[in-house]
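Colleague: got a sequence here, can you model it:
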Amino acid sequence: MFETFRFGTIDFMDANNQNAAGRFICNETLQNIAARESDFSAWRLVNCSVKSLKLWDGRFNYCRAHDCCLSDMAFDHCLCEHGFYRKCTFDGLWATGSFFTSGYFSECRLNRTLSELNSFGLCVFENTIFKKSRMSEVSFIGTTWRGCRFEGEDYDFVRFPSSVFVNTEFADCLLRKAIFRKAVFINCRFTACRLPEAVFHNARFMNTVFEQTDIHEAANLDGVEGLPL
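Modeller: The predicted model follows:
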């Protein structure tokens, strides 16, 4: 059973060591949530606005959000696995040492994300935009991308091994030491991107274009298929 909230504006502060799992919140504004070692799993958010949610050593697993604006969310050493997000906008997401594995993002937009030492392994992204993020040592192993766009991204040792990209574009991105080992690219485009020390070992390309982008900046192109190197 879900606990339902309809309060207009929900304002929490310092909700430490709380079990707040299983809440359904619709057409509301949530703001100023700061919690340590608390469980926010299985939340259901519909047409909500979240302004400043900060979790330390907490859980945000199996959460579902539809048509929500999520601003200034911060996750420090949290478990945020198996999430489902549709038509959501994330502004200023900050995360470190957290797991977002096996999530699903559809028609979402992530602006100005700051991410370090996180895992998004096995996630699926559809028609989703990442814009002006800064990421370092983040894993996207085994992820699937369909109809997505990376715009103005700044990556350092971000890893996409065994990932599949379909109808996806990288535009004006710095992909420093990015790892695309055994990745598959179908109908994709790299436009005005930098690839210093990137790794495309055993990657496969089908109908993929590099425009104003020098693939030879990459450190490893061994075993690449589908490109006239």
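
Colleague: what secondary structure does His216 sit in?
Modeller: Assigned by DSSP: H, G, I helix; E, B strand; the rest coil, the conformation of His216 is helix.

Colleague: once you drop chain neighbours, what's closest to it?
Modeller: In space, and not counting its chain neighbours, His216 is closest to Leu229: 7.7 Å by Cβ to Cβ, 6 or more residues apart in numbering. All C-beta atoms are positioned from the backbone trio N, CA, C, and that covers glycine.

Colleague: what about Ala219, neighbour count?
Modeller: Using other Cβ atoms under 10 Å, Ala219 has 12 other residues around it.

Colleague: test my guess that it contacts His201.
Modeller: No - using Cβ atoms under 8 Å, Ala219 makes no contact with His201, being 9.3 Å away.

Colleague: find the centremost residue of this protein, please.
Modeller: Geometric centre of the chain, nearest residue: Phe120, 6.6 Å, by Cα atoms, centre = their mean.

Colleague: now for that one: which residues touch it?
Modeller: Each residue near Phe120 by Cβ atoms under 8 Å, 6 or more residues apart in numbering is listed here: 100-101, 103, 138-140, 143.

Colleague: measure the residue nearest to His216 to Tyr104 for me?
Modeller: Using Cβ to Cβ, to the nearest Å, Leu229 is found at 35 Å from Tyr104.

Colleague: settle it for me: which of those two has more neighbours?
Modeller: Tyr104 (16 against 9).

Colleague: can you name the residues bridging to that one?
Modeller: Using DSSP bridges, the bridge partners assigned to Tyr104 are Phe84, Val124.

Colleague: how close does it sit to Gly92?
Modeller: Distance of Tyr104 to Gly92, given as Cβ to Cβ: 22 Å.

Colleague: next one: Thr113
Modeller: Counting by Cβ to Cβ, the gap from Thr113 to Gly92 is 8 Å.

Colleague: which one's more surrounded, these two?
Modeller: Just comparing Thr113 and Gly92: by other Cβ under 10 Å the higher neighbour count belongs to Thr113, 21 against 15.

Colleague: next one: stretch 112-126 to chain centre, how far?
Modeller: Centroid separation for stretch 112-126 versus its chain: 3 Å, with Cα atoms, centre = their mean, to the nearest Å.

Colleague: when you give positions from now on, start the count at 111
Modeller: In the new numbering, first residue 111, that becomes stretch 222-236.

Colleague: end-to-end on that stretch?
Modeller: With Cα to Cα, to the nearest Å as the measure, stretch 222-236 spans 19 Å from end to end.

Colleague: this completes my enquiry, with thanks.
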